[in-house]
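A.B. asks: A predicted structure for the sequence below; I have some questions about it.
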Amino acid sequence: MSRTPSTTIDTPAKRAGLEPNRNPCRGAGIAGSRGGVTLGDRRRAEGPGAWVAKTALNGTRLEERLGTADDEGSGPDAFSDSQGVTRALARARERPSAIEAQQAESRPGDPTVATAILNRRKGLGIRAPAADTEDPTERRGRPPTVSPAPSTIDRLLNDLRAALDAAVEVHRRQLPGHIPIEIEIGTRAIPDATDARRQIPADADVRSIVEAAFGADRHGDFGRLVLLPAATGARFSQIAKATVADVQVQAGRIMVPPAQKGRTTRAKPKVAVPMGDEVLERPRPALVGRKGHEPLLERWRHEQVGPADRRPVSRGARTAAAEMTRPWKTAVATAGVPEDTGPYALRHSSIAWALRANVPVRIVAARHDTSTAMIERPHSAYVLDATEDLARRALVPLAPSAPAKLRSVSCS
């Protein structure tokens, strides 16, 4: 690993001019940027100095003596600056586990990555692996004591993969090169595990859910929270960021904020989605007397005043999709649709409506802030129906046409 030589301690002559100090004189960093691994020299009043390696990880520093520097009067076991770099790097590869143990001892109540994973596995009834060297594909093949849904396992694997990839990016210089492929193999999605999310309710069922949602809340807050995703196909994270100014009544449209997905650093523009007059009429009460930058969708915040009594205190923006769980179940039961119908079905039905109207797949994907592959995978049947209609218009008659029969017409 390349290293910029220090102008202070890389030769015995330079170190000879240092003042005695308990704190080692810091040399150039040899791994990582700010913090990372640093090789230093601790001066004594008499005799040769000592090489000291400092390792910094997640705000915690670990310092240890490596050995005697090759200064004047040093013994045969002394070593040079370049040898000190090699030893410091070797020690640094062993330090992350020691630093995590030190953090756990200093803050025993704080969870670590290891304890968080173990606690999550215990909650799912999945026993811990027998060894760290175990093949991840074999580990995933063991049956758990409980049976979480395949889509739940895929969602957890997706979150775990994102966290591990972020950690590998931060600590890439200390980790072996095979770690990324181990993560990719160990967190592969279960085939067809997302079938449960491909719910496409009938048009009448969507209308029933919307009406039931407005009936479940006299303020109309939950009704608007269901209406807008049904009309736009937006995710909760998108529609929750919509502001009052995003509803453009005169233009007959709503500007849907982009999803925060991927690692792109470019700001994505909002997507204009046309709305019918009957849809734009429903959010009007949420626009009256409000400023354009205020969140469009709000709800009442309540405080507990008794064992079963709550009173509204203030209004605030929607922040978590879990806020839909309880009122959604009530609306689904009132509408009389299957009880396993989830809010994401509104997005799928919006995509299906567009495909049935022969809107090109590329435009449907752009309006719903996704890729054409994600449109074609769960909605392939509608894509085929649309292409069949287009192909039927282009049919060329190949059979010979029969000659037209003429009939006589008398002129009087």
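C.D. replies: That came through, no problem.
A.B. asks: List the contacts of P76.
C.D. replies: Counting by C-beta atoms under 8 Å, 6 or more residues apart in numbering, P76 touches no other residue. The C-beta positions use only the backbone N, C-alpha and C, and glycine is treated the same way.
A.B. asks: Phi and psi next, for it.
C.D. replies: Backbone torsions for P76, taken as degrees, to the nearest 10, come to phi -70, psi -20.
A.B. asks: Point out where the stretch 301-412 of the chain drops to low pLDDT.
C.D. replies: Scanning the stretch 301-412 of the chain for pLDDT under 70 picks out the ranges 378, 380-390, 399, 401-406, 408-412.
A.B. asks: Please name the bridge partners of A50.
C.D. replies: R42, T68 (DSSP bridges).
A.B. asks: quick one, what contacts it?
C.D. replies: A50 is in contact with 24, 41-42, 44, 65-69, counting by C-beta under 8 Å, 6+ apart.
A.B. asks: what does V337 give?
C.D. replies: Listed by C-beta under 8 Å, 6+ apart, the contact set of V337 reads 201, 205, 208-209.
A.B. asks: From these, which one has the minimum pLDDT?
C.D. replies: Summarising pLDDT for the contacts of V337: the lowest-scoring member is P201, with 85.
A.B. asks: What is the neighbour count of that residue?
C.D. replies: Other residues near P201 number 21, with proximity taken as other C-beta atoms under 10 Å.
A.B. asks: Against E19, how distant is it?
C.D. replies: 78 Å (C-beta to C-beta, to the nearest Å).
A.B. asks: domains for the protein, by residue range?
C.D. replies: Taking automatic domain parsing as the reference, the chain has its domains at 12-101, 111-196, 198-391.
A.B. asks: Which of the ones you listed comes out lowest on mean pLDDT?
C.D. replies: Ranked by mean pLDDT, these bottom out at domain 111-196, which scores a mean of 68.
A.B. asks: Angles on the backbone of T325, please.
C.D. replies: When quoted as degrees, to the nearest 10, the phi and psi of T325 stand at phi -60, psi -60.
A.B. asks: what's the burial count for it?
C.D. replies: One way to gauge burial is a neighbour count; for T325, by other C-beta under 10 Å, it gives 11.
A.B. asks: Repeat that for P397.
C.D. replies: As a burial measure, the neighbour count of P397 was computed by other C-beta under 10 Å and equals 6.
A.B. asks: Identify the farthest-apart pair in the contacts of A50.
C.D. replies: Checking those against each other with C-beta to C-beta, the farthest-apart pair comes out as R44 and L66, at 15.2 Å.
A.B. asks: Looking at these two, which is more packed in?
C.D. replies: When R44 is set against L66 and neighbours are counted by other C-beta under 10 Å, the residue ahead is L66, at 19 against 12.
A.B. asks: remind me, longest helix of the protein?
C.D. replies: Determined from DSSP state H, the single longest helix within the chain is helix 150-170.
A.B. asks: and it, how far out from the chain's middle?
C.D. replies: Using C-alpha atoms, centre = their mean, to the nearest Å, the distance from the centre of helix 150-170 to the centre of the chain it belongs to is 9 Å.
A.B. asks: pull the CA atoms of it into CSV?
C.D. replies: Coordinates of the C-alpha atoms in helix 150-170 are reproduced here as CSV (Å, rounded to 0.1, in the frame of the first residue of the first chain):
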residue,chain,number,x,y,z
PRO,A,150,-40.7,-14.9,1.7
SER,A,151,-41.3,-11.2,1.0
THR,A,152,-40.4,-10.3,4.6
ILE,A,153,-37.2,-12.2,4.2
ASP,A,154,-36.4,-10.5,0.9
ARG,A,155,-37.1,-7.1,2.4
LEU,A,156,-34.8,-7.8,5.4
LEU,A,157,-32.1,-9.1,3.1
ASN,A,158,-32.3,-6.0,0.9
ASP,A,159,-31.9,-3.7,4.0
LEU,A,160,-29.0,-5.9,5.3
ARG,A,161,-27.3,-5.8,1.9
ALA,A,162,-27.6,-2.0,1.7
ALA,A,163,-26.1,-1.7,5.2
LEU,A,164,-23.2,-4.1,4.5
ASP,A,165,-22.4,-2.4,1.2
ALA,A,166,-22.2,1.0,2.9
ALA,A,167,-19.9,-0.5,5.6
VAL,A,168,-17.7,-2.1,2.9
GLU,A,169,-17.4,1.2,1.1
VAL,A,170,-16.2,2.9,4.4
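A.B. asks: Closest to H368 out of the contacts of V337?
C.D. replies: P201 (16.8 Å).
A.B. asks: residues touching the closest one, list them.
C.D. replies: Neighbouring residues of P201 by C-beta under 8 Å, 6+ apart: 209, 337, 341, 345, 349.
A.B. asks: Out of the contacts of A50, which end up buried?
C.D. replies: By neighbour count, with 16 or more other C-beta atoms under 10 Å, these hold 24, 41-42, 66, 68-69 as buried.
A.B. asks: and F214, which of the three is it?
C.D. replies: Using DSSP: H, G, I helix; E, B strand; the rest coil, the secondary structure recorded for F214 is helix.
A.B. asks: any idea what sits nearest it, other than its immediate chain neighbours?
C.D. replies: For F214, ignoring the flanking residues on the chain, the nearest one in space by C-beta to C-beta, 6 or more residues apart in numbering is G223 at 3.2 Å.
A.B. asks: Is E63 located within a helix, as I assumed?
C.D. replies: No - the assignment for E63 is strand, going by three-state DSSP, so no helix is present there.
A.B. asks: If the residue nearest to it when sequence neighbours are not counted is in a bridge, with which residues?
C.D. replies: With C-beta to C-beta, 6+ apart as the criterion, E63 has its nearest non-adjacent residue at 5.0 Å, and that residue is K54. With DSSP bridges applied, the residues forming beta bridges to K54 are T38, E63.
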